[in-house]
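> Dropping a prediction and its sequence here:
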Amino acid sequence: MEFDVVIVGAGPAGLSAAYHLKKLANDKQQDISVCVLEKGSEVGAHILSGAILETTALDELIPDWQEKGAPLTTPVTEDALYLLKDQQRATKVPGWAIPAPMHNNGNYIVSLGNVCRWLATQAEAIGVEIFPGFAAAEIAYDDNGRVKGVYTGDMGISKDGEQKDSYMPGMALYGKYTLFAEGCRGHLGKQLISQFKLDENSDPQHYGIGIKELWEIDPALHKSGLVVHGSGWPLDNDTTGGFFLYHADNNQVVVGLIVDLNYSNPHISPFDEFQQMKHHPLFADVLSTGKRLSYGARAIAKGGLNALPDMAFPGGLLIGCDAGTLNFAKIKGTHTAMKSGMIAAENVLNALIQDGQSGQDGQDNLPDTLTGFTDAFRDSWLHKELHASRNFGPAMHKFGPIMGGAYNWIEQNLFKGRLPWTLHDTKPDYAQMKPASECPEKHYPKPDGKLSFDKLSSVYLSNTNHEEDQPSHLRLLDPAIPVKVNLAKYNEPAQRYCPAGVYEIVEAESGPQLQINAQNCVHCKTCDIKDPSQNICWVPPEGTGGPNYPNM
Amino acid sequence: MKVLVTVKRVIDYNVKIRVKPDGSDVDLTNVKMAVNPFCEIAVEEAVRLKEKGIASEIVVVSVGGSEAQEQLRTALALGADRAILVESTANTESLNVAKLLAKVVEQEQPSLVIMGKQAIDSDNNQTGQMLAALCDMPQATFASEVSVADNSVTVTREIDGGLQTLSLQLPAIVTTDLRLNEPRYASLPNIMKAKCKPLATVTPDDLGVTLSAHTQLLGVNPPPQRSAGVKVKSVAELVDKLKNEAKVI
Ligand SMILES: Cc1cc2nc3c(=O)[nH]c(=O)nc-3n(C[C@H](O)[C@H](O)[C@H](O)COP(=O)(O)OP(=O)(O)OC[C@H]3O[C@@H](n4cnc5c(N)ncnc54)[C@H](O)[C@@H]3O)c2cc1C
Ligand code: SF4
């Protein structure tokens, strides 16, 4: 099938691009066809975020979002920042000491999944075609190596690779331009970056894994609009990360922990750190009489401007977290992802209109690489914002959480991010892992079933489902490595960094073996990022597979 | 031959059901909804009849809110030809649905009505039977095989401990069981085409049906949580616990 523009991923970036493009085209009476592919069973099913939404981009995209019923109903009323010293004590950081980008006045506590659901209805209403349940599995190139679209995956293939009764072959979707908006560590984005060497001039991308739960709590303890951030216990001094606790509407709170994936101790389990964290009185006091409703996890691309690859390549653009537009100083990537989608839309439309005016000969005159995008991006508030926080992550990493925090406070509050130097962080996260024998072992307490839980009962709440009879979507480049290298040297950390219990070392007759429970996968992409041998390749499973997050 | 298929919008089978805090009903806010799996099987069966050249037109009908259009579009993408939404949110209890469907049957005059044996939300398993009574048509429930020839339909039914085969005069009503078929996936081009297929909306008033409530939902309770097990050290301790704590021996 052919469209003017094909967009991969119905997150904030993809949907903003689609809406903006169609809206501008309609305003100019241009008939432009736009389709969006989404691997989740519905829009929002695979979206997991905090989330505090800054409305800068939304105000530009749909100024009357309030009248149009956007699900932004809980304004932030209070910001608090804590340092957890140990399992009992916490220090509240005074307001003046909080780095400016972490202030949240004027922002809203939202379910990003629900915001995306709403954005999708707005986009459909003006003529965007959205196809949930279809993953873009491969990139289509033309003879000159220009991206001309994507192929969706085959459906109805059995474990052994045979066609089942329900077999349906994948389809080609061609577009004059293809926008990749797969979010953090998109599997096609990863291929594009290496194919077109987009990261030649940037630092390696850095990541975190965010684990989140939604709770319903005692109304007496609920303070709608309260935002709590912080870091410290139970993470050790070599492991950075931060937690969040937001009081949303309907007596619900979200609680989560983001652990930076540059940690070096392979014994660390981000999932268990999070479960343990909830026993701190700061959380336990709020949660212990409540009920956990949902669970999920997603990686976050936090390298910022220094790690941002070139976003334009022949035939398309990388937008949002697929490129890495998140502002880590604010821990916010939604408004930046949206803005990148909007800039993309404006430039794609210009190219299409110019082509329509000049192409009487039937030949297309579309520029291969949208250099206009690169210029417009550089002139935008988005670039300015990312530039101002470019040193935030590297400072934390270089000087540690305390001194790095102090550096960030000075840079962000006194100099507003305008210091003339740039700090770099050049070692990829997977390469940070040290051999297990050199690191202290971790012993996590057993979950109590009230505040803390095991992985399986957690994944259960993510409504994750994959058709069982299909090839595994977690591919090992070399099947021997998990045991020969990863187990021997690192005690196979996949058993611990995977937040869904997908990887298990089991004793077989021939010795230990890696078992992959692919049907539990919540599509967080951590294994693809953190495997010290870079031997795991995440590919999309059959369409609709994965979590079905409600309200996440 | 015209086939009428009914589809219901229900909570997706992958989603863990959550009861509202006040116990008044199941919480459906922002929850993924889908076509009831048994209805999907019904649509698939109709599409196969059409592919065999037996059915000439497939009409899908749903009773529900305007959101149910989504499920009707899904059915259209799977191969139905046109859709009817009977828009009604109040009182969608089985008897009311059956009464509304009876009117649609009267207007459409299908030779065969295929329905799911039950909806996975309310698990009532009665709308098909009620409709058969209201339309005075023969019925075959729990179908695991359906074949149409001349003026009759032969249906194999799954019954306790075996199979039963019935032959019914058309027009007739068949309700589907899980093993009847494995529904296909909707393809992208068919999803696109489905957006242009006709979908008519009617109200109970249009059909001349006045709905009244026969049942009232008093409350919904989640199943009790299983408490964690305990490990016993010896057989003696096990016997002791069974005898004195559980009091089962
Ligand atoms: C725990 C956590 C907390 C966060 N908190 C905040 C916060 O408070 N405020 C804030 O602003 N930001 C926050 N973020 C960041 C924010 O969620 C992201 O920056 C934002 O979602 C990025 O948007 P995106 O559109 O680029 O990607 P995503 O939101 O990841 O969306 C990508 C979409 O593409 C789909 N997709 C991927 N690959 C394919 C494929 N091959 N084919 C079809 N579909 C595909 C996915 O299913 C998904 O729906 C948080 C993130 C995490 C993980
Ligand atoms: S298998 Fe990989 S992508 Fe899936 S949940 Fe585990 S770490 Fe995340």
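Right, received. Where do you want to start? Every value quoted in this text rests on a predicted model; they were computed, and no experiment measured them. Ligands and ions are numbered 1, 2, ... in the order given.
> Only C-alpha atoms from now on, for both contacts and neighbour counts.
OK.
> ok, now which ones touch the residue lying closest to residue A:131 once chain neighbours are set aside?
In this structure, residue A:131 finds its nearest non-sequential neighbour in residue A:37, 5.0 Å apart by C-alpha to C-alpha, 6 or more residues apart in numbering or on different chains. Shown in contact with residue A:37 (C-alpha atoms under 8 Å, 6 or more residues apart in numbering or on different chains): A:6-10, A:130-136.
> now with 6 Å?
Shown in contact with residue A:37 (C-alpha atoms under 6 Å, 6 or more residues apart in numbering or on different chains): A:8-9, A:131, A:134.
> ok, now how distant is it from residue A:230?
Distance of residue A:37 to residue A:230, computed by C-alpha to C-alpha, to the nearest Å: 36 Å.
> Give the helix, strand or coil label for the residue nearest to residue A:131.
Of the three states, residue A:37 takes strand according to DSSP: H, G, I helix; E, B strand; the rest coil.
> how about low-confidence regions in chain A?
Counting by pLDDT under 70, chain A has low-confidence residues at A:358-363, A:401-403, A:405-407, A:409-410, A:413-416, A:418-419.
> Need the residues that contact whichever helix in it runs longest.
The residue-count maximum for a helix in chain A (DSSP state H) belongs to helix A:334-358. For helix A:334-358, the external contacting residues (C-alpha under 6 Å, 6+ apart) are A:12-13, A:16-17, A:20-21, A:57, A:319-320, A:325, A:365-366, A:373.
> can we see that at 8 Å?
Outside helix A:334-358, the residues touching it (C-alpha under 8 Å, 6+ apart) are A:12-18, A:20-21, A:24-25, A:30, A:53-58, A:61, A:177, A:317, A:319-321, A:325-327, A:364-367, A:370, A:372-373, A:376-377, A:382.
> Tally up the residues packed near whichever residue of chain B sits closest to ligand 1, please.
Across chain B, the shortest distance to ligand 1 (C-alpha to the nearest ligand atom) belongs to residue B:188, at 13.4 Å. For residue B:188, the count of nearby residues is 19 (other C-alpha atoms under 10 Å in any protein chain shown).
> From chain A, how far off is it?
8 Å (C-alpha to the nearest C-alpha, to the nearest Å).
> State the pLDDT value of that residue.
Confidence at residue B:188, expressed as pLDDT, is 93.
> OK, contacts around it?
If you count contacts by C-alpha under 8 Å, 6+ apart, then residue B:188 has A:131, A:171 around it.
> Torsion angles phi and psi at it?
For residue B:188, the backbone dihedrals (degrees, to the nearest 10) come out as phi -60, psi -50.
> hang on, residue B:153 in a strand?
Yes - according to three-state DSSP, residue B:153 belongs to a strand.
> isn't it right next to residue B:145, touching?
No - Residue B:153 is not in contact with residue B:145 according to C-alpha atoms under 8 Å; the separation is 10.2 Å.
> low-scoring stretches of chain B, by residue?
Looking at chain B by pLDDT under 70, you get B:228.
> Is residue A:243 in a helix, a strand, or coil?
strand.
> In helices only, show me the contacts of residue A:37.
If you go by DSSP H, the contacts of residue A:37 have nothing in helices.
> restrict those to contacts with ligand 1.
Filtering the contacts of residue A:37 for proximity to ligand 1 by C-alpha under 6 Å from any ligand atom leaves A:8-9.
> and the contacts of residue A:37 as JSON lines, adding neighbour count?
Formatted as JSON lines, the contacts of residue A:37 follow (neighbours: other C-alpha atoms under 10 Å in any protein chain shown):
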{"residue": "A:8", "neighbour count": "31"}
{"residue": "A:9", "neighbour count": "29"}
{"residue": "A:131", "neighbour count": "22"}
{"residue": "A:134", "neighbour count": "31"}
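> What about the contacts of residue A:37, which are in strands?
Among those, DSSP state E puts A:8, A:131 in strands.
> which of the contacts of residue A:37 lies closest to ligand 1?
Nearest member of these to ligand 1, counting by C-alpha to the nearest ligand atom, is residue A:9, at 3.1 Å.
> pretty sure that closest one is touching residue A:180, no?
Yes - the criterion here is C-alpha under 8 Å, and residue A:9 meets it with residue A:180 at 7.0 Å.
> Now the buried members of the contacts of helix A:334-358.
A:12-18, A:20-21, A:25, A:53-55, A:57-58, A:61, A:177, A:317, A:319-321, A:325-327, A:366-367, A:370, A:372-373, A:376-377, A:382 (16 or more other C-alpha atoms under 10 Å in any protein chain shown).
> Now, the residues you listed that are in strands?
Using DSSP E, the buried ones among the contacts of helix A:334-358 in strands are A:53, A:177, A:317.
> In contact with residue B:155, which residues?
So residue B:155 contacts B:140, B:143-147, B:165-168, B:174 (C-alpha under 8 Å, 6+ apart).
> Next up, phi/psi of residue A:133, please.
According to degrees, to the nearest 10, residue A:133 has phi 90, psi 10.
> Measure how buried residue A:511 is and give me the count.
9.
> That one and ligand 1, how far apart?
36 Å (C-alpha to the nearest ligand atom, to the nearest Å).
> Report the beta-bridge partner residues of that residue.
residue A:508 (DSSP bridges).
> and residue A:504, that's in a strand?
Yes - per three-state DSSP, residue A:504 lies within a strand segment.
> Spit out the contact partners of the nearest residue to it once chain neighbours are set aside.
With C-alpha to C-alpha, 6+ apart as the criterion, residue A:504 has its nearest non-adjacent residue at 5.1 Å, and that residue is residue A:515. Residue A:515 makes contact with A:502-506, according to C-alpha under 8 Å, 6+ apart.
> Quick check: residue A:237 vs residue A:399, distance?
Distance, residue A:237 to residue A:399, using C-alpha to C-alpha: 12 Å.
> Residue B:121 against residue B:11, yeah?
Yes - contact criterion C-alpha under 8 Å: residue B:121 and residue B:11 qualify, at 6.8 Å.
> Give the burial count for residue 22, as a bare number.
Defaulting to chain A. If we define neighbours as other C-alpha under 10 Å, then residue A:22 has 24 of them.
> that answer is for a different chain, and I need it for chain B
10.
> Next up, the contacts around it.
Here residue B:22 is in contact with no residue (C-alpha under 8 Å, 6+ apart).
> With neighbour numbers in mind, choose between residue B:153 and residue B:145.
With neighbours defined as other C-alpha under 10 Å, residue B:153 and residue B:145 compare such that residue B:153 has more, 21 against 17.
> How about the contacts made by the more buried one?
For residue B:153, the contact set (C-alpha under 8 Å, 6+ apart) comprises B:146-147, B:167-170, B:172.
> For PyMOL, what selects the buried ones among those residues?
Only the buried entries of these go into this PyMOL selection, using 16+ other C-alpha under 10 Å:
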select buried, chain B and resi 146+167+168+169+170+172
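> related to what we said a few turns ago, got the phi and psi for the residue nearest to residue A:504?
phi -100, psi 130.
> in the stretch 251-400 of chain A, which spans are helices?
In the stretch 251-400 of chain A, the segments counted as helices under DSSP state H, counting those that start in this stretch are A:270-277, A:281-287, A:334-358, A:371-378, A:381-388, A:392-409.
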